[in-house]
Each structure stands twice: as structure tokens, then as C-alpha cells.
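Colleague: take this sequence and fold it.
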Amino acid sequence: MNSLYGKVAIVGAADTQVGVVPNFSATGLCVDAAYRAIEDAGITKEKIDGLITCNSMAEPFMYHAEAIAENLQIFPRFTMTVNAGGGTTFSALHVAASAIVTGMCETVLIAMGDSLRSGLSRDQAMAMQASAGHSQFEIPFGPTVPAFYGLIARAHMEKYGTTPEQFAKIAVTARKHASLNPSAQMRELITIEDVMNSRMIADPLHLLDCSLVSDGGSAIILTSAERAKDYKNQPVYLLGVGEGHSHEHISQAHQLTTSAAVEAGKRAFEMSGLTPRDIDFAELYDCFTPTVLIELEDLGFCKKGEGGDLIDSGEIELGGTLPVNTHGGLLSHCHPGNPGSMFALTEAVTQMRHQAGERQVHKANVALVHGQGGIMSSHTTLILGREVG
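Modeller: Sure, this is the predicted structure:
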């Protein structure tokens, strides 16, 4: 396999306002994020010759990337629209990096935005949640997405003795980090008791174990490592990337407590030549609290079944050995659907530029960023660094 190690770098990154943003449509948020990233990179839009977007749930287009290009009035030689949940965000970067290295294009804009809070009615949102299951083996029994993740949580509890309080501490940590982030949707501190006393959604998951519903957009600009040296920002280099795909529907998963993050992480570490011990901080997909715990295990930050102990140790907090979701994650920063993991990526860039203010990780030179889509179905791991070599 041809390695992408050190061959491309992120040179622009930006987010829109998040939370409730009724003055922007989903398309408007995507375009706004794109313009912000272009400004951050210090280039004109004419430099963009590759574009990848993720289709919106609130305002979909048959040809979404082309629609965004039309709005931006750019005319790239490479476009792609992706749409398979949070894991696709980083699969898109994998494709973009490959396109640059193979000469398909030179400078790729990846932009995503959606209006799940303002652009969908409650009935539309519930219909979307209920449509995720298998039409024959799941939907007839009535579970929604939280129920699927509740099933995963319960399986981990039964197999390894993980407790609801350990899941709750993940939410508490995310909120602690969000309290230091001026752009986060939810910044008021919470306790484990607050999580445990919040409304039960899908046993054992309470309301505060679940990610937010938000409006928001985010974008990055990627170019070759050689060209990145001419940009104004500290380049953030791609050191490793790997994917793992195990199933579409949870009823068809071979197991519930281990995911294809194992394969995604292994491939990313192999490309980078690094190990989990080399990672300074991690931005992990946290649509529900159990997701973080399982990802920590599957990516090699602790042994299988020891995720609860790692959470209890406090090491995933700022100041710990592996700060996780330093911006607040999907649980407290925002979650506008498919674009949600983009904010983890822009946060990693902010951290490695050493521009994160109060939430700055003391040593932020190597980051692992992980996205997953579906019901722990599709996984992509990125390893990023300030330096190559």
C-alpha cells in the first residue's frame, strides 16, 4: 500500500456558529464554513480545485457537492458527495489526500453543514431516528438510534462490569471541556448525579448520555506538504489514516463490544509508525457515551474491558495523559448530524496550532482523531502531527 505519511497537510480550518442558528439554512452553513476556511488559509476561492461535501438531512441535493460549488462559484476538477454518518467525514479526507497525491487536484476543500435543530420538525427528526434500522429485522420492533446504542452499552456492562456511572463520567468530562470553549452549545458544568438523574432515553442511557441536536457547519482545506509550506498557518500533517467497516445494521454485527475501530486504528498506526503511547490527545466520536469507552479500548489506549477504569482514572481530562474531546465533543459542543465529527478535526488543528486558549493541551504535537458512522459500523482513524520525520 502506498503510504500517505507526511504527504498532505491541513492548511485551513474553520467552524460556523453552532447550536440554534435559524438565520442560516443547511446550505448556508456549509457555504459559510467554506468561506471561513478559505479565509483562514489566506487564499482566494479560485485556488480550490477539489471539493468534497456531505449531503444534508435538512436540505438535501441530488448533487450536493456541485450545489455547494455553484453557491461558492468555484469550478473544481474533482468533486464528491459523501453520506454515511460520522465516519465518512474522515473517509472524505482519506479520499482527498489520495486525490492530491495522485495528481487529481492540488487543493481540496472539505465542507459540511446541516440544520438538524432549526431545519427539521420534531416529527421529521423522530422519523429519521426510526428509519435507521433494518427494514425486516429491526424497524418492525420499534427501536430508534438511542436504543441501538443502549444495546451496545448493556452488552459491555454485562461482559465487563462497566457501570452507568462510568458512562456518565464521559459526559461530565465533555461538559468540563466545553465549559472552557466559548463556541460550545452547552457550557454549564454537570455532575455524574446530573447525568444519572436525567430522563431515561434507552436503558441504560439517560438524556445526558446522548449527543446534542444542533445546527452548524465546519470546513478544512487540504493540500500537499510541499505547498503547505507557503501558507500562513502552521501545517497539520497527515501521518496516518485507516478505515474499518464491519456491518450496516446492528442486528448483523458479529459482536457488540468490539468494533471495526480496531482495524481502522491498526492501519492508521501502521502508516504513521506510531503507537497509542505517542498520542498527546484524542478527539473521539461521542454520539453516545458508550461509544467513547469502546473506542478507547479498540484503538489501543487500554486493554479490552478496562475502559471503565481508564475513565475513572481521570486521565481523559485536560491535564491527564490522554485528554479526549477537548472542545466538548458531540455531547456538549454540538452535533449537527453527519458533519458532527468535522468539529473534532478542526479542534485538533486548533490544538496543534497551539491556539486553544484555556483548553489548550500542554503538549499537543500528535493527535488521533476518530469518526464512526452508522451504529458502530464504519470507522476512520486519522493520526495528525505538527512535524514530519
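Colleague: burial measure for Ile52, as a count.
Modeller: In terms of burial, Ile52 registers 28 neighbours under the definition other Cβ atoms under 10 Å. Where you see a C-beta, it was placed from the backbone N, CA and C, and this is true even at glycine.
Colleague: er, Ser224 actually
Modeller: In terms of burial, Ser224 registers 17 neighbours under the definition other Cβ under 10 Å.
Colleague: dihedrals phi and psi, it?
Modeller: Reported as degrees, to the nearest 10, the phi and psi values for Ser224 are phi -70, psi 160.
Colleague: tell me who's in contact with it.
Modeller: For Ser224, the set of contacting residues under the criterion of Cβ atoms under 8 Å, 6 or more residues apart in numbering consists of Lys7, Val8, Ala9, Ile100, Val101, Glu106.
Colleague: I'd like those written out as CSV, with pLDDT, neighbour count and distance to Asp230 added.
Modeller: Written out in CSV, the entries for the contacts of Ser224 read as follows (pLDDT from 0 to 100; neighbours: other Cβ atoms under 10 Å; distance: Cβ to Cβ, whole Å):
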residue, pLDDT, neighbour count, distance to Asp230
Lys7, 98, 18, 16
Val8, 98, 27, 14
Ala9, 98, 27, 11
Ile100, 98, 26, 15
Val101, 97, 16, 18
Glu106, 98, 17, 12
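Colleague: so which of those are in helices?
Modeller: The helices in this structure, assigned by DSSP state H, contain Ile100, Val101 from the contacts of Ser224.
Colleague: quick one: which of the contacts of Ser224 is nearest to Leu322?
Modeller: Closest approach to Leu322 among those (Cβ to Cβ): Ala9, at 23.8 Å.
Colleague: ok, now how distant is the closest one from Ser251?
Modeller: Between Ala9 and Ser251 the computed distance is 41 Å (Cβ to Cβ, to the nearest Å).
Colleague: what's the answer for Lys159, then?
Modeller: Taking Cβ to Cβ as the measure, Lys159 falls 18 Å from Ser251.
Colleague: the helices in the stretch 151-300 of the chain, which residues?
Modeller: 164-178, 192-197, 225-228, 261-272, 289-298 (DSSP state H, counting those that start in this stretch).
Colleague: that older thread, mind putting the contacts of Ser224 in a markdown table, distance to Ile383 included?
Modeller: Output for these, formatted as a markdown table (distance: Cβ to Cβ, whole Å):
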| residue | distance to Ile383 |
| --- | --- |
| Lys7 | 13 |
| Val8 | 13 |
| Ala9 | 13 |
| Ile100 | 17 |
| Val101 | 17 |
| Glu106 | 23 |
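Colleague: closest to Ala171 out of the contacts of Ser224?
Modeller: The closest of those to Ala171 turns out to be Ala9 (Cβ to Cβ; 33.3 Å).
Colleague: just list whatever residues bridge to that closest one.
Modeller: Partner residues in beta bridges with Ala9, using DSSP bridges, are Thr223, Tyr237.
Colleague: surely it touches Gln234?
Modeller: No. With contact defined as Cβ atoms under 8 Å, Ala9 does not reach Gln234; the gap is 9.3 Å.
Colleague: neighbours around the residue lying closest to Leu299 once chain neighbours are set aside, how many?
Modeller: Once its chain neighbours are removed from consideration, Leu299 has its nearest residue in Gly265; the separation is 4.1 Å (Cβ to Cβ, 6 or more residues apart in numbering). When neighbours are defined as other Cβ under 10 Å, Gly265 has 26 of them.
Colleague: so Gly265 sits right up against Glu243, yeah?
Modeller: No. Using Cβ under 8 Å, Gly265 and Glu243 do not qualify as a contacting pair, with a distance of 10.2 Å.
Colleague: quick check: closest non-adjacent residue to Ala34.
Modeller: Nearest residue to Ala34 in three dimensions, chain neighbours excluded: Ala111, at 4.1 Å (Cβ to Cβ, 6+ apart).
Colleague: on that earlier part again, please identify which of the helices of the stretch 151-300 of the chain is closest to Gly308.
Modeller: Among those, helix 164-178 comes nearest to Gly308, with 4.1 Å by Cβ to Cβ.
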